[in-house]
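Participant: any chance you could fold what I've pasted below:
(chains A, B, C, D and E, ligands or ions: 4)
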Amino acid sequence: MPDQLLYAIEAGLNGLMAGVLYALVALGFVLIFKASGIFNYAQGVLALFAALTLVGFQNGQIPFAHLINAIFGTDLHTFGWQLPAIVAIVLAAGVMVILSIIIERYVLKHLVNQAPIILFMATIGLAYFLEGLGDIMWGADIKKLDVGLPQGINETIDTVTYNAFGYGFFIDNLDIVASVVAALLVISLTIFSQYSKQGRALRAVADDHQAALSVGISLRFIWVLVWSIAGFVALVAGIMWGSKSGVQFSLSLIALKALPVLMLGGFTSIPGAIVGGLIIGMGEKLFEFFVGPMIGGATENWFAYVLALLFLVFRPQGLFGEKIIERV
Amino acid sequence: MFYREAGDFKTSYADDSQTFPIRFDRLRYYAVMAVAFGVIPFFINDYWANAVFVPFLIYAIAALGLNILTGYCGQVSLGTGGFMAVGAYAVYKLMTAFPDVSILIHVLLAGGITAMVGVLFGLPSLRIKGFYLAVATLAAQFFLVWLFNKVPWFYNYSASGQISAPERTILGQAVTGANTTAPAKYLFCLIILVALAWLARNLTRGTVGRKWMAIRDMDIAAEIIGVNPLTTKLSAFAISSFYIGVAGALFFAVYLGAAEVGEAFGIQKSFLILFMIIIGGLGSIFGSFAGAAFMVLMPVLLKNLLVGQLGWATDLAAHLELMIVGALIVIFLIAEPHGMAQLWRLAKEKLRLWPFPH
Amino acid sequence: MLDATKTDTLLEVNNIEVIYNHVILVLKGVSLSVPKGGITALLGGNGAGKTTTLKAISNLLHSERGEVTKGSIVYRGERVQDMSPADLVKKGVIQVMEGRHCFGHLTVEDNLLTGAYTRTDREVAKDLEMVYHYFPRLKERRKSQAGYTSGGEQQMVAIGRALMSRPETILLDEPSMGLAPQLVEQIFEIVKAVNEKEGVTFLLAEQNTNVALRYAHYGYILESGRVVMDGPAKDLRENPDVKEFYLGMSDKGRKSFRDVRSYRRRKRWLA
Amino acid sequence: DLVVPNLSYRTGPYAPNGIPYADGFNDYFTLLNERDGGIGGELVRVPECETAYNTEKGVECYESTKGDGALVFNPLSTGITYQLIPKVTADGITLYTPGYGRTSAANGKIFEWVFNYPANYWDGASVAVKHLLDENGGDLSGKKIALVYHNSAYGKEPIRTLQELSAKHGFELVEIPVDHPGQEQKSQWLQIRRDKPDYVLMWGWGVMNAVAIQEAVNIRYPMDHFIGVWWSGSENDVIPAGEGANGYKAIGFHGTGADYPVYGDLKQYVYDAGKAAGDGSNPGNVLYSRGMYAAMIISEAIRKGQEIAGHSAVNAAEVREGFENLNLTQERLTELGLPGFAQPIEATCADHGGPGSAMIFQWDAAASTWNQASDWITADSEVLDPLIAEDSAAFAAENNIAERCN
Amino acid sequence: MNQMNPEGYVTADGRKIGPVLMEMKNISLRFGGVKAITDISFDIREGEIRAIIGPNGAGKSSMLNVISGFYVPQDGEVWFRGYKRGPMKPYQVARLGIARTFQNIALFDGMSVLDNIMTGRLTLMKSGLFSQAMWWGKAEKEETEHREKVEKIIDFLEIQPIRKTPVGRLPYGLKKRVELARALAAEPKLLLLDEPMAGMNVEEKEDMCRFILDVNDEFGTTIALIEHDMGVVMDLSDRVVVMDYGKKIGDGTPDEVRSNPDVINAYLGVSHD
Ligand SMILES: Nc1ncnc2c1ncn2[C@@H]1O[C@H](COP(=O)(O)OP(=O)(O)OP(=O)(O)O)[C@@H](O)[C@H]1O
Ligand SMILES: Nc1ncnc2c1ncn2[C@@H]1O[C@H](COP(=O)(O)OP(=O)(O)OP(=O)(O)O)[C@@H](O)[C@H]1O
Ligand SMILES: [Mg+2]
Ligand SMILES: [Mg+2]
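Facilitator: Ligands and ions are numbered 1, 2, ... in the order given. Predicted structure coming up:
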């Protein structure tokens, strides 16, 4: 049936777009993993925190208002001004840099040379902390995020495809914007990590903390640098996801959507994040679309993981990941 | 000297490899057992049982299980929640299908079924390693949860997919269902825990344990000196899943009484138990207990302190609680990456040297 | 040859104590002074504390949960104990760690280039050529991932990497370990050349006492965390104890390894 | 004093919904205490306990407040409800779950300690279908109705009923689950775009609602053909979609908005006195009203219990009597400052489920208000009663419970 | 020459060497473009100490890895005890009685010295999972028996005081010794040693030599040894294979090898002992 084919193409295209959004989150993971061998579970919460901060600035919310009111019996809520989106974004990015400095200073610095699983756990601790902090700073209610990105069906594509196939494809404008942003990020980050001195240093640090120290690489600088970049990526992801569904706790759970992408693309590869995202996004959408209704639906959560798992059995380091060195 | 080893000589190898080679430790162990069996059951009430002891005992079993897999065999798993669900649903099906068989047997069978599922999901570990494996185990987590949610046979076709534990007794005492008394719950879980801890201890000090640890520390070298990675990893998956399955069964049947798979056995559970073993100490039986105690007690304590004592609003308290638990985890890892068990060992080393600093 | 007594002291270690994990006391008051432009050898058996001493100097102890609890380390008159390893490298002190520690996933060339991380000048390419000149084997393997190169090749990478930082002082931990005899000789020749031509100061920990004392100007002998003997290399070489225990010489020249068992065996193999 | 714990969730994935509900609940009791000196002269104490929508925390909260002498629990979570049903039965404490929880608990013959009036999920499903029947001149045959549901115990509740109803009225039912939390619903909505169902019903919670409405807007699904259950009909759900959400419908079993006389008292005794539970942004919105509704019913039941017992310091068993004999009339609602806010309820020993009626509200995006779009619609008891009897009989058999009220 | 005698020969100091235990025939091993081993053949006789020497990167460790089954050569055959060895996993090779030490120490860092050495006996221990879980009868008895054997090795290598120390804390030299102990614990027919004396001073090397000689002597264990210390190689070994760039450039008694001009050129350089 040609109709089925058109539906499939539409679902597939939308899957690709969703994949790009997953990739945006995965990118943050990759950066940090590449630069320190840390599997940063807090990436999702980082995105939430960034988005909360952005909205907070935009709406002139007073941070910690709830806490202050509780302690001092005051009744503070907002400063009463609204900031333009671009200013708020810059400020939020600044907060992410400060946050990276704090994280380096109080967490990472003390965990140099520890086993990867310990570092992983530390990031989960961090995730808890940031989750609580975000809520206390900005409140746990749902917030609308609007930085002026277009949203809704893209009319042009709809009309063009309608004229061509007799069926208008649905593509969300927001997804198109996200794809462009993701492409830019991936290209610039790839260039940064492949061709700069810092990029080489990042990879060195991931291999061996101690040896990196011994050649004079400042772990502190490297870590603040990548966490800041990852924080910025989180902000971008937070903006995209927040525009779709509002800013609230569940935003942090997008991390779970990024993990299979990461597996498939390889933990250490920036292009891998995007390619993995595309494969996962398309795969899970098509599967849910065609097979889902037959087996009861809601397959997306596990399908992505199972797909990635099957893939790994054949290529244990993911598509573009660095091969695990096995030598004695 | 507070803590002495000197003068405690061993004359046989069997003596030397016993669980508590040092007399001081042995005495302390007997004291703990005496309190656990002889004192607590007489004082325990519903609150202490349901909010503290029963969850602690059950989580300790799960932590033991995960510690076998992750702490001893080095395979990081994030599928614990899913495996607990297998235990829970297995015990539910068994309880409702064979109401006359003893619940104890059901619980053990549930463990056995989980072990089989564990082996199945353990197979990829032969190819996939490290974090890739950890993330891959999430496939088990999500798939199992989906399965139990989707296939009505598992929840006996109930309208909402919830499962509820019917009442079952042992020696005339209810151990599941709403009429269970606090001491009965507590003792039932305690006995299972003690038995399983003892088995875990035996396994980890012998040949199997050494194979696991060899694979953990350096899998290639282990294979070259004669450890079969296939059987070793799968045995770890099987035994670990057995423990986790038993924990899941108890969690549902004794502790919650009713469960919904996504809520009770979601990914948060997997992380929680991983936390327990890391905070407690990877590759340490004592660590499994310590970690479970920490993660169960900490929130309860904080809540009682912030809300009960200081009278803070519950949401502020909950947010602060998250921050404090998060910070404590980080602080713990920084202070001693090898967990509370290592902290304890170092404390002992210090005491041994006392009053000299080194 | 340099006379150690007459030159300035570049690095001074005063009576340091090192404790691992808060409980294990490893160095029990070690003092050394390393003269500018000299080659100083640190000798001693397994576990004597050589590596620990070097790590204490380069501030790499923290990451192993060790700390200097007493004494001081002074470099060019400045206390450097609380500095970060990176700052120390910028000051010109670099360590070649025991056990190679290459960046396994990086290529050999990238490994070498990380050595130049702290440098800002434009002569890195020239120095890369210099390292390849010293170690032609590395040039052949420049594109291989270091993790897959042989033990000896990794050792070359580690030393080459340190040279790439154009250091003033190199702390060399067991450079000869795992290297073919020819190469050991070569490496020490390189050390000597670098020392003489570029004036780089060396502090090297070595088990291979024989070579070490041939190239060093001054030596310290460490035993279980204490300096038990020190003196100009020449004197140490002549010392009868050193000869017997560290150089394996008896009065009749080198003794065969096959003979040792007849008089040193302490215990029989009970089957 | 009287202890009515508030098992709330102000953190976690459902906090945006839990907060206004808990505020409404607290504020109403604060009003009673401040204005009337409590109920029947007894002050009401509302210890709050954070569950984060998590069953284990729910247990802890239950046990810790139970020790305080709790009279009635209202956990606002289907999961926690299921778990508490056997416990409250053993402990002899009332569990009140308005509009959520276990549907068959409406059968008082089996569920002595559980009350879920005025309406349950099955009522909701039936009301929605009846509304559609009204719109289609009584005939739905050949129509296609999609159910987009939260893939959990809660979301699955209406399926049985809708299946029965589809058989009865001849419409086709398409079930479309969405996994927690529901941040990503592209494939579900593409499926809807492909299948073009005539109507979409939604059983969602939390962020899932907002995303679903946004996606519906994106694919230009007609909003007035999209009906949510009462848990999918709060301001949180429609506001993010902005203008596009205009016309979206939701079922409700109580009024919303701050136009009721009781708000005058609330303002005077609670908000202006600085005793409000939240930050003041919620009064009048849907979930706040629902929290207030629950508090109002509980307080009326307590009042009834006091009346029956003849003293004001009632215990848990006496409160249950109050629930079972509750007779809430329109006049009483007017007295309470809530005229027309809800349906009258007349509970009996066998009937713990109430009238089972609800009405349809429609979102007006420009005015940001929910407007009434139908009268009270009563559920189809012909279909529901056998289902309830069947499900509660199964529970009774599993737990050896004998029928009461005979 | 007596070395060609298939039944074996007697060394200068009177040790009896048996027939061929292991034979490598035309082994070639490549990693992508890197030719680690090119067409190498040699044999190892029972009771012999066989050294493999060569410059860094010559392919020596790779050869040991081929023997222990970790690398699978593209070409060539491995014969052991008169049989051609089929494709085998490393752990199966270990069960044939081949034990080894590693160039970059591969001890199990999380375990005590004693446990590390006990792992060496894994191939010899048989009690099942169940009896171990119960720790009665067989498992406990077996554990004690093997512990006795291991204690003897501990005595022999003089590492009694560190028995319970976690190996991660040990200095390099002791780790090497523990590794040897672990290999010995397997009671191997053939023992492969990859640079056992790297990073040791003369005194420690003497000790190590003594251990190696004793093992060879008392147990008749065949030993294949890679070592860069020429003194050690020349004094200890019966025959020496010399490799360079993956090719064999010499094979024979130490004296023969020492005077082989190819070997001097590629490896030894000027002699200076
Ligand atoms: N991270 C550590 N934790 C605990 N103890 C340690 C640690 N590192 C080293 N030690 C101990 O410190 C002592 C000195 O070790 P060090 O490595 O400095 O010796 P070394 O002289 O370099 O020996 P080698 O020649 O074998 O390298 C040893 O006894 C060792 O057990
Ligand atoms: N797994 C592998 N992948 C790629 N190349 C490898 C691998 N293993 C070994 N090689 C290469 O094969 C060559 C031989 O390595 P091998 O480790 O056998 O050398 P070696 O003779 O032991 O040297 P050394 O004395 O330095 O230890 C080296 O050039 C090495 O880089
Ligand atoms: Mg050393
Ligand atoms: Mg080698």
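Participant: quick one: name whatever helix or strand follows the host helix or strand of B:Ile113.
Facilitator: For B:Ile113, the element it lies in under DSSP states H and E is helix B:103-122. Using DSSP H and E, the helix or strand that follows helix B:103-122 in sequence is helix B:130-150.
Participant: so is stretch B:126-137 next to chain A?
Facilitator: Yes - using C-beta under 8 Å from any C-beta of the partner chain, stretch B:126-137 comes into contact with chain A via B:Arg127, B:Ile128, B:Lys129, B:Gly130, B:Phe131, B:Tyr132, B:Ala134, B:Val135, B:Ala136. (Each C-beta comes from the backbone N, C-alpha and C, glycine too.)
Participant: my guess is the first one meets A:Phe311, correct?
Facilitator: No - counting by C-beta atoms under 8 Å, A:Phe311 is not a contact partner of B:Arg127; they are 11.0 Å apart.
Participant: between these two, who's got more neighbours?
Facilitator: A count of neighbours by other C-beta atoms under 10 Å in any protein chain shown puts A:Phe311 above the other of B:Arg127 and A:Phe311, at 21 against 14.
Participant: and E:Arg258, how many neighbours?
Facilitator: Neighbourhood size, E:Arg258 [other C-beta under 10 Å]: 17.
Participant: ok, for it, nearest residue in space, not its chain neighbours?
Facilitator: Distances taken as C-beta to C-beta, 6 or more residues apart in numbering or on different chains place E:Met234 nearest to E:Arg258, at 6.6 Å, with adjacent residues excluded.
Participant: distance from the one helix or strand that neighbour maps to to the middle of the chain?
Facilitator: In the assignment (DSSP H and E), E:Met234 maps to helix E:230-236. Taking the mean of its C-alpha atoms, helix E:230-236 sits 16 Å from the chain's own mean (C-alpha atoms, centre = their mean, to the nearest Å).
Participant: any idea of the mean pLDDT for that helix?
Facilitator: Helix E:230-236 carries an average pLDDT of 88.
Participant: tell me the buried residues in that helix?
Facilitator: E:Met230, E:Gly231, E:Val232, E:Val233, E:Met234, E:Asp235, E:Leu236 (16 or more other C-beta atoms under 10 Å in any protein chain shown).
Participant: I'd guessed D:Asn33 sits against D:Val44; true?
Facilitator: Yes - using C-beta under 8 Å, D:Asn33 is in contact with D:Val44, at 5.9 Å.
Participant: now do the residue in chain A that chain C sits nearest to, the pLDDT please.
Facilitator: Residue of chain A nearest chain C, by C-beta to the nearest C-beta: A:Gly216 (2.7 Å). Predicted confidence (pLDDT) for A:Gly216: 89.
Participant: sec struct for it, please.
Facilitator: At A:Gly216, secondary structure determined by DSSP: H, G, I helix; E, B strand; the rest coil is coil.
Participant: measure the residue nearest to it when sequence neighbours are not counted to ligand 2 for me?
Facilitator: Excluding the flanking residues, the one nearest A:Gly216 by C-beta to C-beta, 6+ apart is C:Val89, at 2.7 Å. Distance of C:Val89 to ligand 2, given as C-beta to the nearest ligand atom, to the nearest Å: 27 Å.
Participant: nearest spatial neighbour of D:Pro16, chain-adjacent residues omitted?
Facilitator: Using C-beta to C-beta, 6+ apart, the closest residue to D:Pro16 is A:Ile142 (3.7 Å).
Participant: surely A:Ile324 forms part of a strand?
Facilitator: No - counting by three-state DSSP, A:Ile324 is not part of a strand but coil.
Participant: number of nearby residues for the residue lying closest to it once chain neighbours are set aside?
Facilitator: Leaving aside its sequence neighbours, A:Ile324 sits nearest to A:Gln317 (C-beta to C-beta, 6+ apart; 5.7 Å). Number of residues near A:Gln317 (other C-beta under 10 Å) recorded here: 20.
Participant: quick one: A:Gln317 and A:Gly266 touch, right?
Facilitator: Yes - with contact defined as C-beta under 8 Å, A:Gln317 reaches A:Gly266; the gap is 5.8 Å.
Participant: close to chain D, is the helix holding B:Ile113?
Facilitator: No - against chain D, helix B:103-122 shows no contacts by C-beta under 8 Å from any C-beta, the least distance being 15.1 Å.
Participant: which elements pack onto that helix?
Facilitator: helix B:80-97, helix B:130-150, strand B:168-170, helix B:229-250 (3 or more C-beta pairs under 8 Å, 6 or more residues apart in numbering or on different chains; DSSP states H and E).
Participant: and of those, who's closest to A:Met282?
Facilitator: helix B:130-150 (18.3 Å; C-beta to C-beta).
Participant: picking up where we left off before, does the residue of chain A closest to chain C touch C:Arg166 like I think?
Facilitator: No - judged on C-beta under 8 Å, A:Gly216 makes no contact with C:Arg166 at a distance of 11.1 Å.
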